[in-house]
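**Student:** sequence and predicted structure are below.
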Protein chains: 2
Amino acid sequence: MPVNGHSLIAGQQVSGENGTTFGFNPATNEQLDPAYSLITGDQLKQATTAAADAYPSFSTLDPETHAGFLEAIADNIEAIGDELIIRAGQETGLPAARMQGERARTTGQLRLFANVVRQGDFRGVRIDRELPDRAPLPRADIRQRQIPLGPVAVFGASNFPLAFSTAGGDTASALAAGCPVVFKAHNAHPGTGELVGQAVAKAVKDFGLHPGVFSLVYGPGASIGQALVADPAIKAVGFTGSQAAGIALMRTAAARPEPIPVYAEMSSLNPVFVFEGALKGDVQALAQQYVTAVTGSSGQLCTSPGLLFAPVGELGDKLAVAVGRAVSACAGQTMLTEGIAGSWNAGAEALGSAAGVSLVGQGTEGATKNAPAPTIFGTLVRDFVTNHVLHQEIFGAASLVIRYSSVEELIEAVNRLEGQLTGTLQLTEEDYATAAPLIPALEQKVGRIIVNGWPTGVEVGHAMVHGGPFPATSDSRTTSVGSLAINRFLRPVAYQSLPQELLPASLQDENPWHLNRLVNGLVEKAEATV
Amino acid sequence: MPVNGHSLIAGQQVSGENGTTFGFNPATNEQLDPAYSLITGDQLKQATTAAADAYPSFSTLDPETHAGFLEAIADNIEAIGDELIIRAGQETGLPAARMQGERARTTGQLRLFANVVRQGDFRGVRIDRELPDRAPLPRADIRQRQIPLGPVAVFGASNFPLAFSTAGGDTASALAAGCPVVFKAHNAHPGTGELVGQAVAKAVKDFGLHPGVFSLVYGPGASIGQALVADPAIKAVGFTGSQAAGIALMRTAAARPEPIPVYAEMSSLNPVFVFEGALKGDVQALAQQYVTAVTGSSGQLCTSPGLLFAPVGELGDKLAVAVGRAVSACAGQTMLTEGIAGSWNAGAEALGSAAGVSLVGQGTEGATKNAPAPTIFGTLVRDFVTNHVLHQEIFGAASLVIRYSSVEELIEAVNRLEGQLTGTLQLTEEDYATAAPLIPALEQKVGRIIVNGWPTGVEVGHAMVHGGPFPATSDSRTTSVGSLAINRFLRPVAYQSLPQELLPASLQDENPWHLNRLVNGLVEKAEATV
């Protein structure tokens, strides 16, 4: 599949009239062809207008066609073959195995949402039946369903060029909800974006859908993003990226004449709490797992553990030594961009020179460009709770080991944290009583609590929460990974006393879509499911 | 029960140190005793701090105690007896029958939420079971539940001194979710608020709950409200009132270091669309029903129909004449406050003097103060779509009859509307085909569609949506009436690989709370329900 360097607006290749940009290979800092043309505000308007035009037909698609469309996107992404893996690797510095895994996750997530669409619980059907004889007043027949919000603007992440980008979780869940998507291409992986965009556009075409269901636009940095969020046709925003950019979009969305929801996944330190029992086992293995979680994908994961709390005393000392040894054996890996590597260096320097912070261990620089040496620092909990510098996320392979002397200190540290995606406990049965009070404190700060695992490797399932209190995300009521993510793009509508002929299919008595329904407040399972 | 004129902060009567205010009888403009003392910012802090302190125990209450607590509030409100009806009538000008009905709705809503708490679906339990043998990677056991957001600030409405005030829908749903409530008393019905506040506080005490679960504070107008929303202990806001006040709270909440959700129900024109078939029946009855919906409770209902679209031609003329006759027989009823009556007069004057607007009919002024003559105006759809003045809500007994000549004109009019709570169709079977295209247009603008009924009289059930796109509400993804309202105050948390001993009761294998659960993506109904 050729990459052409242009936006895909409602099924058409559109040459931008606002300058050009290039992808770069971060392993060499070399520019990659082709040049990508950037669109103007007027060209953006074509995409948002087409998305609004596509809404009426796309939002009412029958479940089978709708699910088939999502599956076709997955098939089309697979059909690109190695070209996608190669291009994504060139543009991001991420190894082929990681890209293959991420592709599987991306297509798996599209297929999960296809099943969600077929199964239909997200339609939230509730029926309160008529009570004509109720005193003092009869009750009318009232029915409720969830409808899609409207066109959604999606901004992808640099660190997951497939799973959190063009046809990633936000796009998949918005399309599954029945919302057309205008995707702002990430300029750090433009070719990867275009290949995937072509796969989506082909599915739109093959299924005979309105071409405005999907557009992929390349634009000049922040300005086109702000214009997209401000566009009256857009009814919600999905974003994964930096806190500064996410907060800027939140402000724009809140200041619109009609404010809209922004689902921004932004930053997280992902604290890990190690209890004494866990240190009576294989400390070397624990240290190695931690270092692997810190350094994998060059530490550029939203769930990479940035903090590890270890007890003071002999057992904790043993862990710190093992961590130092494990990280010193690690070579740096290429980071996503020169800019990101620069930020990492600045962050690591600030942390390393903060009062009370020492070096636990450091690896070596990688052989490529932009591959700084993985570094793990150490401090005491009393320094952590009083110095905000120690709470800054360093995106990349850096982490901070914090020594504590009581669970009360841990709880105080948790209470001082900002919102996070995850919190992890390493413990054995002897630690349960000690660790228990930490859990309610953590619930107030994170979206996911893990025991004896690591926060990296986010499962795409029904029970997953990839979200958390601000500033981990803009909206703690949601998740950006897993089937619950579809709820972000829906709103309820009630229908009172409508004749069957005027009711949408999902609410009709004969239940043609075989949906589970809440009838008079109680779950009624569909007799047959498709 | 004596009213004392003081705030109730965490179970204690607190004398405010920031001046006083009084209730007024709007039928006479006379001041009502006692004086209400207004709190300072420091006194407010006591309430929010107590609410935060109450959260850990209240948010984890067992379902039976939790439900019993909500029922006790309902019982305690009933136990106040006629004193409540009398006081509410004095403070609002609303007749006793209306107050009795509203009391029944308020207690019914508390008991509905008690059942929601016992039934437990709102806990959103999802379990993805471990797949240890899955290739290439095993799946961990992941479980999800919804937890309460934290302390909620609630602002009541003037027009529903019981059902949308101190222990109204927002308070009931927040308490049902497990969120402590700090209620900002409405200064237009301070005594009603205090009586109900005492009923809530008594239930808190009798159930041995932390006293911070509920506070009722009297404060100086907007400033204390802004301080409450800005308080870091507050995690969500429920509001019913004017658009200006609601938007001011939204801005404050969005500008916080940690932004929080605001659920503001603000304004609505509630358009009614009359089709030709409906005019071939009893036009007098239709006109009378419309006028009753416009003038009931002096038109001070969020769902009062402010617009009625009628066809041009003979049938529509007949309706207009009947409407004029019906309204001319209506006497004005006391409005809630002198200020509200003044705003009604200004709004009616602006609408009546707008280009293309004529008088359809007018009633007579009431015998009391603040009881202006109900008034219905008329215009053509072409004037409506071009003049924004005709889109302003006039809170009170006024409405606008708009004459149209095709369904295309209706669709254009709907597309020009801002977000509304409701849209109503009056039709017969012969109109189905004509009316059908209006429904998807309405879905984009309203939260509830009604056929051959009237939008007033909002049923409190499971399928109700009392909400709608901005500016009807601040957040179209929610409802402020009905059991779904509880979802506003929840967020999901996932638990990965937690041992049974560390899992919350709702997620344990033995399912001690008998909850329906989504297991591996499929609904599993609880075997026994309590």
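**Tutor:** Nice, thanks for sending it over. Bear in mind the structure is a predicted one, so any value in this text is a computation, not a measurement. Numbering: from 1, shown residues only, chains lettered A, B, ... in the order given.
**Student:** from A:Arg488, how far out is the spatially closest residue to A:Ile85 that is not a sequence neighbour?
**Tutor:** Closest residue to A:Ile85 apart from its sequence neighbours, by CB to CB, 6 or more residues apart in numbering or on different chains: A:Met99 at 4.6 Å. (Glycine included, C-beta is placed from N, CA and C.) A:Met99 is 27 Å from A:Arg488, where distance means CB to CB, to the nearest Å.
**Student:** out of these two, which sits in the busier spot?
**Tutor:** Ranked by neighbour count (other CB atoms under 10 Å in any protein chain shown), A:Met99 and A:Arg488 place A:Arg488 first, with 25 against 21.
**Student:** wait, a helix at that one?
**Tutor:** Yes: counting by DSSP: H, G, I helix; E, B strand; the rest coil, A:Arg488 is located in a helix.
**Student:** could you check how far it is from chain B?
**Tutor:** When distance is defined by CB to the nearest CB, to the nearest Å, A:Arg488 is 8 Å away from chain B.
**Student:** I figured that residue hits A:Tyr263, correct?
**Tutor:** Yes: in this structure, A:Arg488 is within contact of A:Tyr263 by CB atoms under 8 Å, at 5.2 Å.
**Student:** who touches both of the two?
**Tutor:** Shared contacts of A:Arg488 and A:Tyr263, defined by CB atoms under 8 Å, 6 or more residues apart in numbering or on different chains, are found at A:236, A:238, A:475, A:478, A:480.
**Student:** and of the residues you listed, the nearest to A:Gly299?
**Tutor:** A:Ser480 (20.0 Å; CB to CB).
**Student:** is it correct that that closest one is in contact with A:Val465?
**Tutor:** No: in this structure A:Ser480 lies outside contact range of A:Val465 using CB under 8 Å: 9.3 Å.
**Student:** overlap in contacts of the two?
**Tutor:** Counting by CB under 8 Å, 6+ apart, nothing touches both A:Ser480 and A:Val465.
**Student:** give me the contacts around stretch A:480-488.
**Tutor:** With CB under 8 Å, 6+ apart as the test, stretch A:480-488 has contacts from A:109, A:112-113, A:116, A:122, A:146, A:164, A:169-170, A:173-174, A:176-177, A:236, A:238, A:240, A:261, A:263, A:265, A:458-467, A:473, A:475, A:478-479, B:126, B:144, B:492, B:521.
**Student:** in the stretch 151-300 of chain A, which residue sits closest to chain B?
**Tutor:** In the stretch 151-300 of chain A, the residue that lies nearest chain B is A:Ala254 (4.2 Å; CB to the nearest CB).
**Student:** in which helix or strand would I find the closest residue to that residue other than its chain neighbours?
**Tutor:** Computed as CB to CB, 6+ apart, the closest residue to A:Ala254 that is not its neighbour in sequence is B:Ala254, at 4.2 Å. Per DSSP states H and E, B:Ala254 falls inside helix B:243-255.
**Student:** that helix vs helix A:243-255, what angle?
**Tutor:** Angle, helix B:243-255 to helix A:243-255, by axes from the mean of the first three to the mean of the last three CA atoms, to 10 degrees: 180 degrees.
**Student:** show me where pLDDT drops low in the stretch 201-350 of chain A?
**Tutor:** Along the stretch 201-350 of chain A, no part satisfies pLDDT under 70.
**Student:** would you map the helices across it?
**Tutor:** Along the stretch 201-350 of chain A, counting by DSSP state H, counting those that start in this stretch, helices occupy A:221-230, A:243-255, A:283-295, A:314-328, A:338-352.
**Student:** and for the stretch 51-200 of chain A?
**Tutor:** Per DSSP H, counting those that start in this stretch, the stretch 51-200 of chain A carries helices over the ranges A:63-80, A:82-92, A:96-119, A:169-177, A:190-206.
**Student:** give me the helices and strands touching the second one, please.
**Tutor:** Looking back up the chat, that one is helix A:82-92. strand A:20-25, helix A:96-119, helix A:190-206 (3 or more CB pairs under 8 Å, 6 or more residues apart in numbering or on different chains; DSSP states H and E).
**Student:** what does stretch A:449-458 contact?
**Tutor:** For stretch A:449-458, the external contacting residues (CB under 8 Å, 6+ apart) are A:270, A:272, A:278, A:289-290, A:292-293, A:296, A:301, A:303-305, A:421-427, A:439, A:442-443, A:448, A:464, A:466, A:481, B:137, B:140, B:493-499, B:502.
**Student:** pretty sure A:Leu515 contacts A:Ile127?
**Tutor:** No: counting by CB under 8 Å, A:Leu515 does not reach A:Ile127; the two are 10.3 Å apart.
**Student:** what about the closest residue in space to A:Thr428 that isn't next to it in sequence, how many residues nearby?
**Tutor:** What sits nearest to A:Thr428 in space, not counting adjacent residues and going by CB to CB, 6+ apart, is A:Gly277, at 3.4 Å. Using other CB under 10 Å, A:Gly277 has 17 other residues around it.
**Student:** residues in contact with A:Gly277?
**Tutor:** A:Gly277 neighbours (CB under 8 Å, 6+ apart): A:427-431.
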